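> I'd like to go over a predicted model; first the sequence, then the structure.
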Amino acid sequence: MKGLPVILLAAFTLFGVTSWAQDPSFMEKLDAQKHRELMPRHTQMREEQKKMDAELAPLLEEMNSATGEKRVEALVAVVNKLIEQRKAMHEQMARYIDR
């Protein structure tokens, strides 16, 4: 179990929350019309992020309350869910960019 904190740190470092807007000045560079066009997409993305957070919440609760081997199993479930969400996000971003 000594390696568990290291595993947790690595998992959340690699698969943690991904910011959709890497450059905070991005929106400032857009003209007002383009900004208005993008707002519905941003709203949709925020809703999708909330859904992802809601999917993770029970897994995190289970992981944090588990002990022993069950904790390791719960950690694996959390990491797998994070990977699944990250892949889905990348696919969605690719579709959005390719249109």
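That came through, no problem. Owing to the predicted nature of the structure, the values given are computational and were not obtained by experimental measurement.

> With Ala57 as the reference, measure out to Glu47.
To Ala57, Glu47 is 16 Å away according to CB to CB, to the nearest Å. All C-beta atoms are positioned from the backbone trio N, CA, C, and that covers glycine.

> cool, and Met63?
From Met63 to Ala57 the distance is 11 Å (CB to CB).

> neighbour count winner among the two?
Using other CB atoms under 10 Å as the criterion, Met63 and Ala57 rank with Met63 on top: 20 against 10.

> Just the pLDDT for Arg36.
You'll see Arg36 listed with a pLDDT of 80.

> Burial check on it, number of neighbours?
Quick note: Arg36 (other CB under 10 Å) scores 10 neighbours.

> tell me what the host helix or strand of it is packed against?
Following DSSP states H and E, one finds Arg36 within helix 32-65. Secondary-structure packing of helix 32-65 (3 or more CB pairs under 8 Å, 6 or more residues apart in numbering; DSSP states H and E): helix 68-98.

> could you say what helices and strands the helix it packs on packs with?
Using 3+ CB pairs under 8 Å, 6+ apart: helix 68-98 touches helix 4-15, helix 32-65.

> Buried residues, stretch 33-53. List them.
Neighbour-count burial for stretch 33-53 flags 45, 52 (criterion: 16 or more other CB atoms under 10 Å).

> If you could redo that for stretch 60-67, that was the one I meant.
Using 16+ other CB under 10 Å as the test for burial, stretch 60-67 gives 62-63.

> just stretch 78-95 next, same as before
Across stretch 78-95, burial judged by 16+ other CB under 10 Å covers 78-79, 81-82, 85, 89.

> Could I get the CA-only coordinates of that stretch as PDB?
Taking C-alpha atoms only, stretch 78-95 is exported to PDB below (Å, rounded to 0.1, in the frame of the first residue of the first chain):
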ATOM      1  CA  VAL A  78     -11.300   5.500 -11.100                       C
ATOM      2  CA  VAL A  79      -8.300   5.500 -13.400                       C
ATOM      3  CA  ASN A  80     -10.200   3.500 -16.000                       C
ATOM      4  CA  LYS A  81     -13.100   6.000 -15.900                       C
ATOM      5  CA  LEU A  82     -10.600   8.900 -16.300                       C
ATOM      6  CA  ILE A  83      -9.000   7.200 -19.300                       C
ATOM      7  CA  GLU A  84     -12.400   6.500 -20.800                       C
ATOM      8  CA  GLN A  85     -13.500  10.100 -20.400                       C
ATOM      9  CA  ARG A  86     -10.200  11.500 -21.700                       C
ATOM     10  CA  LYS A  87     -10.500   9.300 -24.900                       C
ATOM     11  CA  ALA A  88     -14.000  10.500 -25.400                       C
ATOM     12  CA  MET A  89     -13.000  14.100 -25.000                       C
ATOM     13  CA  HIS A  90     -10.200  13.700 -27.500                       C
ATOM     14  CA  GLU A  91     -12.600  12.100 -30.000                       C
ATOM     15  CA  GLN A  92     -15.100  14.900 -29.500                       C
ATOM     16  CA  MET A  93     -12.500  17.600 -29.900                       C
ATOM     17  CA  ALA A  94     -11.200  15.900 -33.100                       C
ATOM     18  CA  ARG A  95     -14.800  15.900 -34.500                       C
END
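
> Sounds good, over and out.
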